[in-house]
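*Asks:* I'd like to go over a predicted model; first the sequence, then the structure.
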There are 2 protein chains.
Amino acid sequence: MVGTAERLVEVWRGDICESEHRGHVAVWHADAGLIWALGDIDRPMLPRSSSKMIQALPLVESGAADAHGLTDAQLALACASHSGMPVHTGMVTDWLSALGLTEDALRCGAHLPYHEPTRDALVCSKCAAGQRHNNCSGKHSGFLTLTKHLKAGPEYVDPAHPVQRAVLAAWEELTDETSPGYGIDGCSAPNFASSLKGFARALSQFAAARDGADARQSAMVRLRGAMMAHPLLVAGEGRACTRLMEVMGPRAAIKTGAEAVFAAIVPEHRIGVAVKIADGATRASEAVVTEILCKLGLLDRADPVAQGYLSGPIRNVRGTVTGGYRLTEALTGWQPRL
Amino acid sequence: MVGTAERLVEVWRGDICESEHRGHVAVWHADAGLIWALGDIDRPMLPRSSSKMIQALPLVESGAADAHGLTDAQLALACASHSGMPVHTGMVTDWLSALGLTEDALRCGAHLPYHEPTRDALVCSKCAAGQRHNNCSGKHSGFLTLTKHLKAGPEYVDPAHPVQRAVLAAWEELTDETSPGYGIDGCSAPNFASSLKGFARALSQFAAARDGADARQSAMVRLRGAMMAHPLLVAGEGRACTRLMEVMGPRAAIKTGAEAVFAAIVPEHRIGVAVKIADGATRASEAVVTEILCKLGLLDRADPVAQGYLSGPIRNVRGTVTGGYRLTEALTGWQPRL
């Protein structure tokens, strides 16, 4: 049961408000706790791919990443929903090969790349999409690395597998909640639930982590740094995570998830931001997270990339402007005290 | 400003309600008037492509369709958001040629076909998409036929053009409202607004029309019959309009529109149904219209096509069932007296 969501984004066509998006927002400060909330932040939600940095935490915290000499680029890919561009799939192939494995060890399934030129080249070459093209293949390469480190069995997406038990433990510790359950994700891995508030808390722990404080904090610093250093690896050409991180520079690590979840880690403010659009529309989660990043001083509203996510314009196939987005006062009215 | 929408569809993943869709529903009986409503049915809305049978009405009512010997298949295509399959684009090319025109006369713009095998074949042949591939090229061929009949100028998408003035007149007469404005559609034609209630009223006029009663009613009978006789031409392989009309047989003419509008014309009950999902999600408008068609006795819930739209299941890329849809009681609780 979904609680009452707040109206956040309107979609206009000419003078008509054609559609609207409701959602939930939680902003958590590592010291002050919850500093802003909209909608229902207590109901169980699934973070989907926006929690990939938490799913990658046991990989680094356990020492598996260091034992296998993983680079920051590989860690960024472990946190990615990548577009299946050659830069992504090449890294996955090399990574699996270094583990003595092939694509067959993956359990994510195959789908065509999101990146259209790559997709089209693959289709026209009459080659089938492989599991390396799955947007989650970096995360799964991380799971396989930890599997090897733990000398565990090959069915690493089983919720009872040591890798997933480690992910659940990290998830519950960072959210400070007992997870109410999980869903099977698009890539067949379990995706653990929490409240949106708990998810924002977890993200704030990443924001406030100090290198050298302990194994977990050092791992969190490494993962957020890897994401910020490699925006293209975290998503792909033209995608919101990549474009917004490129514009912001290494000031925030952000990650989208299916069904319109968006996560942001802001080290300089020790803040974690969790957004969930009730209806699952990505255009709205992108608008909302962009607005919050502007409010936090990390993005300039006048920047054309930011502007595109905030307000459009929306154009038709002939390039005519047909409308745009407008954010509601519930969203724009908040002024963070930083 | 969008009024308060009713919760209609939940999207579940495992035991978690992951997303929800709100929306508006109006069901109008040609004699009894409004017989059911959910949400806000009075605010201005854009029907988008779900109003194509109304946009095609002047073409038939004026005598232009008969003067040019248009077939029922062509009229179905005039009411279509087609997938750009060879059967669709071939008909458009022939139609334009019979008018002494080429694709250049269209004003809809070009986009790749929705039908994936056709899209891929086009991309791999290194040919660019043409305006004939635009899902609205049938509607525009109808506009061009009426343009020729009226000896009007070539810029037929201008709201001041005689074709669009005729569409607006039909729209206002059938909705029994003064249109509050219009939006520019994806295909560059004006899309006139009304209330959802007014749109349902217009659809009920199509449902109750009698052949031979007058030129307008005969035109409405012809258009609804053309849609029901040619489900594949109205959309394409695998699409909801096509699949549901194929299952129902010639008992209802249905038409989807962008931003999750759905229209249904039910002659045997003299009913028009108009659905608008507030957030623009097609998965929800398809679920809601399917539920209403089941309630009206036109679809069997046990039919696998109906079931797929009503409840899923939703599967991931490995084929694992990850969740499904559930309709709220606000929707399922209604029992029409027929």
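*Replies:* Thanks, I have the structure now.

*Asks:* in the stretch 151-300 of chain A, what residue is nearest chain B?
*Replies:* A:Gly183 (3.5 Å; C-beta to the nearest C-beta). In this view, the C-beta of every residue, glycine as well, is placed from N, C-alpha and C.

*Asks:* what's the nearest residue to that residue if we skip its chain neighbours?
*Replies:* Using C-beta to C-beta, 6 or more residues apart in numbering or on different chains and skipping the chain neighbours, the partner closest in space to A:Gly183 is B:Arg13 (3.5 Å).

*Asks:* Pull the number of nearby residues for the one you found.
*Replies:* Residues lying near B:Arg13 (other C-beta atoms under 10 Å in any protein chain shown) number 25.

*Asks:* Just to check, it is in contact with A:Pro190?
*Replies:* No - under the criterion of C-beta atoms under 8 Å, B:Arg13 is not in contact with A:Pro190, lying 10.8 Å apart.

*Asks:* Now the common contact residues for these two.
*Replies:* Shared contacts of B:Arg13 and A:Pro190, defined by C-beta atoms under 8 Å, 6 or more residues apart in numbering or on different chains, comprise A:Gly183, A:Ile184.

*Asks:* ok, the residue of the stretch 151-300 of chain A closest to chain B - contacts?
*Replies:* A:Gly183 is in contact with A:Leu46, A:Pro190, A:Asn191, A:Ala193, B:Arg13, B:Gly14, B:Asp15, B:Ile16, B:Glu18, B:Thr322, B:Gly323, counting by C-beta under 8 Å, 6+ apart.

*Asks:* Whichever of these end up buried, select them in ChimeraX.
*Replies:* Entered in ChimeraX, the line below selects the buried ones among the contacts of A:Gly183, by 16 or more other C-beta atoms under 10 Å in any protein chain shown:
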select /A:46,190,191,193 /B:13,14,16,18,322,323
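
*Asks:* Flag every residue of the stretch 1-150 of chain A that's near chain B.
*Replies:* Listed as neighbours of chain B in the stretch 1-150 of chain A under the rule C-beta under 8 Å from any C-beta of the partner chain: A:1-2, A:5, A:7, A:10-11, A:13-22, A:44-46, A:107-111, A:120, A:123-124, A:134.

*Asks:* In strands, which of these appear?
*Replies:* A:7, A:10-11, A:13, A:16-22, A:44-45 (DSSP state E).

*Asks:* Now pLDDT too, for these, in CSV please.
*Replies:* Formatted as CSV, these follow (pLDDT from 0 to 100):
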residue, pLDDT
A:Arg7, 97
A:Glu10, 98
A:Val11, 98
A:Arg13, 98
A:Ile16, 97
A:Cys17, 97
A:Glu18, 97
A:Ser19, 98
A:Glu20, 98
A:His21, 98
A:Arg22, 98
A:Pro44, 97
A:Met45, 98
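
*Asks:* contacting residues around the residue nearest to A:Asn134 when sequence neighbours are not counted?
*Replies:* In space, and not counting its chain neighbours, A:Asn134 is closest to A:Cys108: 4.2 Å by C-beta to C-beta, 6+ apart. Neighbouring residues of A:Cys108 by C-beta under 8 Å, 6+ apart: A:Gln131, A:Asn134, A:Cys136, A:Ser137, A:Lys139, A:His140, A:Cys187, A:Ser188, A:Ala189, B:Val317, B:Arg318.

*Asks:* Closest to A:Gln164 out of the residues you listed?
*Replies:* A:Ala189 (7.2 Å; C-beta to C-beta).

*Asks:* I figured that closest one was touching A:His161, is that so?
*Replies:* No - between A:Ala189 and A:His161 there is no contact, the gap being 9.8 Å when judged by C-beta under 8 Å.

*Asks:* give the contact list for the residue nearest to A:Gly183.
*Replies:* With C-beta under 8 Å, 6+ apart, B:Arg13 has these contacts: A:Leu46, A:Gly183, A:Ile184, A:Asn191, B:Ile314, B:Thr322, B:Gly323.

*Asks:* now swap in A:Tyr325 and tell me
*Replies:* A:Tyr325 makes contact with A:Val9, A:Glu10, A:Val11, A:Trp12, A:Arg283, A:Ala287, A:Leu310, A:Ser311, A:Gly312, A:Ile314, according to C-beta under 8 Å, 6+ apart.

*Asks:* and it, what element?
*Replies:* Following DSSP states H and E, one finds A:Tyr325 within strand A:321-327.

*Asks:* Equivalent analysis for A:His24, please.
*Replies:* With DSSP H and E as the test, A:His24 turns up in strand A:16-29.

*Asks:* and the angle for that strand with strand A:321-327?
*Replies:* For strand A:16-29 against strand A:321-327, the angle by axes from the mean of the first three to the mean of the last three C-alpha atoms, to 10 degrees is 40 degrees.
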